[in-house]
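**Q** With the sequence up front, the predicted model follows.
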Amino acid sequence: MGVIHVTDRAGQRHTLEAIEGWRVMEIIRDWGLPIEGLCGGACECATCHVFVAEEWLGRLYPPTEEEEDQLDTVMTQPNSRLSCQILWTPELDGLEVTLAPTGA
Amino acid sequence: MTDHIETDVVIIGAGPVGLFAVFELGLLDIKCHLIDILPKVGGQCAELYPEKPIYDIPGFPMVTGQGLVDNLMAQIEPFHPTFHLNEMVESLESIGTPEAPLFRVKTSENGTTFTCKAVIIAAGGGSFQPKKPPIENIEAYEGTGVYYAVRKMEMFRNKKVLIVGGGDSALDWTVNLQPIAKRLTLLHRRDAFRAAPHTVEKMRSLVASGEMDLHLGQVTSLKGEEPVLEGAVIRKDDGSEFTVDCDVMLPFFGLTMKLGPIADWGLNLHENLIPVDTEKFETNVPGIFAIGDINTYPGKLKLILSGFHEGALAAQKVHRYVYPEKKLLFQYTTSSTSLQKKLGVAA
């Protein structure tokens, strides 16, 4: 068991308990934070867009071509990722992400 | 001239749940018309994951989104539903009584009106609409300098056009509008495109011959005295910014779902979902039902199979509105000759 830290769109930081094997999008949604995840995690909508804290960026698997394609449909920053494509493992204990603005 | 159609039921949304409702209604001799904003049936299944496997449809160990839609279309074929695609329901007005509901439904695209005894909302997450880039004040230029679709190419003749995106829509319109635009610029986040290879090749050759411009980056703000667009400020990956002069910007960022006009129909809403009872999946307005992902009730699971179940129960209550004088006898398709006749499988 570990945690992820999620900063919502109002700037409030939440510490959420994480479960191994769950996608970060699922963890955020399960705790009731406002993440759309319209396609349910199929990497088809980019509504689970998050900004990953700089120090964590290199510790994630790089985005697949499929994820990059979806990131093309939103306004990205260099630390943009889709949270449905980040599978939580104990190595990601303490992962720090920020919800992207709606529509971004 | 506005078309007017009288029918038993109007189904809003032609996704899998709306399609299966046709079957359940058909077994009860209830006729229906379906309206969908997309140009094809299938809703999210066909739009978001046509080739992705689904594993939790009863009887299908695995089926793709499009495969499920194709099978549902075959299953409802005996009932000959009429589809109105590329149309969005603009208004829904109750003109009956709670005991004998009657509705007038109007669509926006070509102004079709319907009179029906029941409405089934099977709109999933809402209606698919173009994704708007989160640029401050973009609304101020919409319809004058910013367009999310090309309806008439002539509108863009001799204009400085900026197209944003890297998919099929962006690339197709780039090669189609380049010959008539005064100057065309394509902007994309990175130097990789997920469009048809020959279209990408054509775009690259136009860039190579100096007939159009290609930039990598993202729009951060728009310039020009509202509502007249004059330019877009673009940020590159390295953080530097520059401006592209343009009269028109066409962002093609794909589709997202919004509740849309449903919010104005006098229905109770809870966080953009429609509360229903679990006996008949009727809303707070008698005669209006909500099935599938758009409804909410204690214990709701957003699964396609839940939507199928909900459609079957809604159909029972719809029957009472369409045939108030008839007693409804529950029958199984395995044993009822009457049902098998309707399905065209019995003599």
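**A** Here it is on my side, so go on.

**Q** Every contact and neighbour count from this point should use C-alpha atoms.
**A** Noted.

**Q** Helices of chain A, start to end?
**A** Using DSSP state H, the helices of chain A run over residues A:24-30, A:54-57, A:65-71.

**Q** Is B:I11 in a helix, a strand, or coil?
**A** Recorded secondary structure, B:I11: strand (DSSP: H, G, I helix; E, B strand; the rest coil).

**Q** can you tell me the residue of chain A closest to chain B?
**A** Closest contact between chain A and chain B, by CA to the nearest CA, is at A:T73 (4.4 Å).

**Q** ok, how many other residues are close to that residue?
**A** 27 (other CA atoms under 10 Å in any protein chain shown).

**Q** pLDDT score assigned to it?
**A** Per-residue pLDDT puts A:T73 at 90.

**Q** Same check on A:C45?
**A** 89.

**Q** Excluding sequence neighbours, find me the nearest residue to it.
**A** Spatial nearest neighbour of A:C45, excluding adjacent residues (CA to CA, 6 or more residues apart in numbering or on different chains): A:C39 at 5.9 Å.

**Q** Verify the contact between the one you found and B:P50 for me.
**A** No - between A:C39 and B:P50 there is no contact under CA atoms under 8 Å: 11.9 Å.

**Q** B:G311 is in what secondary structure piece?
**A** B:G311 is part of helix B:304-322, with elements assigned from DSSP states H and E.

**Q** Next: B:T256.
**A** B:T256 is part of strand B:255-258, with elements assigned from DSSP H and E.

**Q** Give me the buried positions along the host helix or strand of B:L72.
**A** Using DSSP H and E, B:L72 maps to helix B:65-76. Across helix B:65-76, burial judged by 16 or more other CA atoms under 10 Å in any protein chain shown covers B:65-69, B:72-73, B:76.

**Q** Out of the residues you listed, the closest to chain A would be?
**A** Closest approach to chain A among these (CA to the nearest CA): B:G65, at 11.6 Å.

**Q** Can you name the residues that contact the closest one?
**A** Listed by CA atoms under 8 Å, 6 or more residues apart in numbering or on different chains, the contact partners of B:G65 are B:45-46, B:49-54.

**Q** Quick check: mean pLDDT of stretch B:53-60?
**A** When pLDDT is averaged along stretch B:53-60, the result is 95.

**Q** For chain A, list the residues in contact with chain B, please.
**A** For chain A, the residues in contact with chain B (CA under 8 Å from any CA of the partner chain) are A:38-39, A:42, A:44-45, A:69, A:72-75, A:78, A:102-104.

**Q** pLDDT wise, what is B:M88 at?
**A** Looking at B:M88, its pLDDT is 92.

**Q** Look up how far B:N268 lies from it.
**A** To B:N268, B:M88 is 21 Å away according to CA to CA, to the nearest Å.

**Q** The residue nearest to B:G224 when sequence neighbours are not counted and chain A: what is the separation?
**A** Leaving aside its chain neighbours, B:G224 sits nearest to B:E230 (4.6 Å; criterion: CA to CA, 6+ apart). Separation of B:E230 from chain A (CA to the nearest CA, to the nearest Å) stands at 21 Å.

**Q** need the contact list for B:E230.
**A** Taking CA under 8 Å, 6+ apart, one finds B:222-224, B:245-248 in contact with B:E230.

**Q** Summarise which helices and strands the lowest-mean-pLDDT helix or strand in chain A is packed against.
**A** Every helix and strand of chain A was ranked by mean pLDDT, DSSP states H and E. The lowest is helix A:65-71, at a mean of 93. Contact partners of helix A:65-71 among helices and strands, from 3 or more CA pairs under 8 Å, 6 or more residues apart in numbering or on different chains; DSSP states H and E: strand A:80-82.

**Q** Quick one: distance of the strand it packs on to the chain centre.
**A** Per CA atoms, centre = their mean, to the nearest Å, the displacement of strand A:80-82 from the mean C-alpha position of its chain is 6 Å.

**Q** What strands flank that strand, and is each parallel or antiparallel?
**A** In the sheet, strand A:80-82 lines up against strand A:49-52 (antiparallel) (DSSP bridges).

**Q** any weak-confidence spans in chain B?
**A** Scanning chain B for pLDDT under 70 picks out the ranges B:1-2, B:347.

**Q** neighbours of the closest residue to B:G43 other than its chain neighbours, just the number please.
**A** Sequence neighbours aside, B:G15 is the residue nearest to B:G43 in space, at 3.9 Å (criterion: CA to CA, 6+ apart). Using other CA under 10 Å, B:G15 has 26 neighbouring residues.
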